[in-house]
Every structure is written in C-alpha cells, then in structure tokens.
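>>> Let's see this in three dimensions:
(one chain, ligands or ions: 1)
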Amino acid sequence: MTRDIAITAQGVSKSFRNGKATIDVVRNLDITVDAGAFTLIKGPSGCGKSTLLAILAGLTSPDKGKVELGDTAIWSLSARKRDAFRLKNMGFIFQGSILLPSLKAHEQISFVLQQMGVPRGEAYSRACQALCDVGLEDRIDLLPSALSGGEKQRVSVACALAKKPRVIFADEPTSALDGENGERVSSKLRDLAQQKGVAVVCVTHDERLTPFADRILQMEDGRFLTSQEEKKSHA
Ligand SMILES: Nc1ncnc2c1ncn2[C@@H]1O[C@H](COP(=O)(O)OP(=O)(O)OP(=O)(O)O)[C@@H](O)[C@H]1O
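Residues are numbered from 1 along each chain as shown. Here you go, the predicted structure:
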C-alpha cells in the first residue's frame, strides 16, 4: 500500500538569539507526516516542540530547510499566499487561543468559514455541528466572557474541525480540559484522522493523548530520538 504523505520537512533548523547566546532550538530535523494519522510529538519542556509545530504550520520561518504540504513548499510562498494557504488547508488548536470578545461561539467559527468563502447559511450549520461535536451545544449563543477556559479551548477545537482542513496542528489541545472533555477532544482528533483522512500533528505533555495516537515521536534538544535512544532514555 502506498503512503499518503501530507507533510514533508527536510533539514529544518531554527535558532533564537538570547542576549549574546544563540540557542539551537530545532536542529537539522526531517519529518514526514501521513494523511489519516494522528501523530504525537512528545518531549521535555523547551526541547523545541512548539517551535517545530509553528515551522510546519507556516507560522515561524525556519533558518534552513524545506517544508511541503502536499506539493506546496510553504516557505517559498509570499506571506500573503502563505496566509491564504493556511486559511484553506490548516486548522489550529493552540494553547490560550484567542477568541474575539464581541462574537458568540458560533460566530467565532462562521466568521472564519466565511473568510474561506463558505456561504453564510452553510457556515452557520457547520459551526453549530462542530460545537455539538465538542459538547458545546448549549453554549452556541454565548460570548467568550460567559465561557470557562476549557469551553473557550473547545470553541477553538470546534473551529479547527469546522474548517475541514487537510492538516490540523494542535499544541497542548487538552491542557485546559477535564477528563471527560479531554477524552472527547482526543477521540475527535483521532476520528478526524482515521475517518476523514486529516493529518493531525499534536505536541503535548498530556499522557491522556497517548492511547489515541497512531505514531509517537520523541523529541529532545531540537531533534527526534531514534527508537534505540528512546529505550535508553527510559531505562
Ligand atoms: N521567539 C523566541 N525567541 C527566543 N527564544 C524562543 C522563542 N521561541 C521559543 N524560544 C526558546 O526556544 C526553546 C524551545 O521553545 P519551545 O516553545 O519550542 O519548546 P517546547 O518543547 O514546546 O516547550 P514546552 O513543552 O514547555 O511548551 C525555549 O528555550 C524557548 O525559550
């Protein structure tokens, strides 16, 4: 069976300057991500997980290397074209996702869908369906000020679902969620991968996500451990 590869990154590196010091956060890293798979990237705090995710998602430019989604090299696009490509093809679930204070839960989502060109009525029904999928059917008409932190996080999850993207990038998607809702979001992400062929790439410390993953990559000091190194580090 041939693999359906959604993302290919080759030789990706990123450093940040901290005063006079330079920190190499992502080091000459290669990764391929399959469509229809839930890929989990784990590793200690500060090892470069979020930076890598942002590079793959076209949000933080690498110093070196190439990232392709399908046959589009995202870092060769102009900023404007990259924004449009992201809007159409990617969903995001990030820690502390910001909601617009004056929009109700369903409007947060239908606003994004309409930016993508989805007609108003369809945008509304997709927004409501996605909010139901994350258990927010009785929060559809509420403003962010009336939602808890976990509910706001679920609105951003619903937004990523409603877009029906090719790829979902998630950074600690369950961090603000209790057991039941953490499980609901985790299984939704897995179902999207398995049933809709979405490539889900998730970075997390949350062990609750592990059973849902098709593939787990362990990161340390800006690179992936080989399976042998992983065994040694757990010994
Ligand atoms: N914009 C930036 N400027 C300077 N340093 C940065 C920047 N972004 C990240 N870093 C540094 O890069 C390193 C890796 O950060 P990153 O957020 O990618 O790690 P992480 O593995 O996701 O950590 P955590 O699990 O704690 O979220 C950290 O030392 C961080 O301070």
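
>>> residue ranges with poor pLDDT in this protein?
For the chain, applying pLDDT under 70 flags the ranges 1-3, 96-97, 227-235.

>>> for the helix ranked longest in it, packing partners?
The longest helix of the chain (DSSP state H) is helix 179-196. Other helices and strands packing on helix 179-196, by 3 or more C-beta pairs under 8 Å, 6 or more residues apart in numbering; DSSP states H and E, are strand 38-42, helix 149-162, strand 167-171, strand 199-203. Using the backbone N, CA and C atoms, a C-beta is placed for each residue, glycine as well.

>>> Return the most buried member of those.
strand 199-203 (a mean of 27; mean count of other C-beta atoms under 10 Å).

>>> how about that strand as CSV, C-alpha atoms only?
Presented in CSV, the C-alpha positions along strand 199-203 are these (Å, rounded to 0.1, in the frame of the first residue of the first chain):
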residue,chain,number,x,y,z
ALA,A,199,-3.2,14.7,9.1
VAL,A,200,-3.3,15.6,12.8
VAL,A,201,0.0,16.8,14.3
CYS,A,202,-0.1,17.4,18.0
VAL,A,203,2.5,18.4,20.6
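
>>> chain center to that strand, what's the gap?
5 Å (C-alpha atoms, centre = their mean, to the nearest Å).

>>> does any bit of the helix or strand just after it sit next to the ligand?
Next along the chain after strand 199-203, taking DSSP states H and E as the criterion, comes strand 215-220. No: Strand 215-220 lies out of reach of the ligand by C-beta under 6 Å from any ligand atom, never closer than 7.0 Å.

>>> TSV please, covering the helices and strands packed on helix 179-196 and showing distance to the ligand.
Output for those, formatted as TSV (distance: least, C-beta to the nearest ligand atom, whole Å):
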stretch	distance to the ligand
strand 38-42	9
helix 149-162	16
strand 167-171	7
strand 199-203	6
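
>>> who's in contact with Ile74?
Applying C-beta atoms under 8 Å, 6 or more residues apart in numbering to Ile74 gives the contacts Gly58, Val67, Glu68, Arg82, Phe85.

>>> From Val67, how far out is it?
5 Å (C-beta to C-beta, to the nearest Å).

>>> give me the beta-bridge partners of the nearest residue in space to Phe94 that is not next to it in sequence?
Distances taken as C-beta to C-beta, 6 or more residues apart in numbering put Asp171 closest to Phe94, at 4.8 Å, once the chain neighbours are dropped. Beta-bridge pairing for Asp171 (DSSP bridges): Val203.

>>> Against Leu56, how distant is Asp171?
Asp171 sits 11 Å away from Leu56, going by C-beta to C-beta.

>>> got it, and Leu100?
Leu100 sits 26 Å away from Leu56, taking C-beta to C-beta as the criterion.

>>> In terms of neighbours, single out the busier of those two.
Taking neighbours as other C-beta atoms under 10 Å, Leu100 and Leu56 compare with Leu56 leading, 24 against 11.
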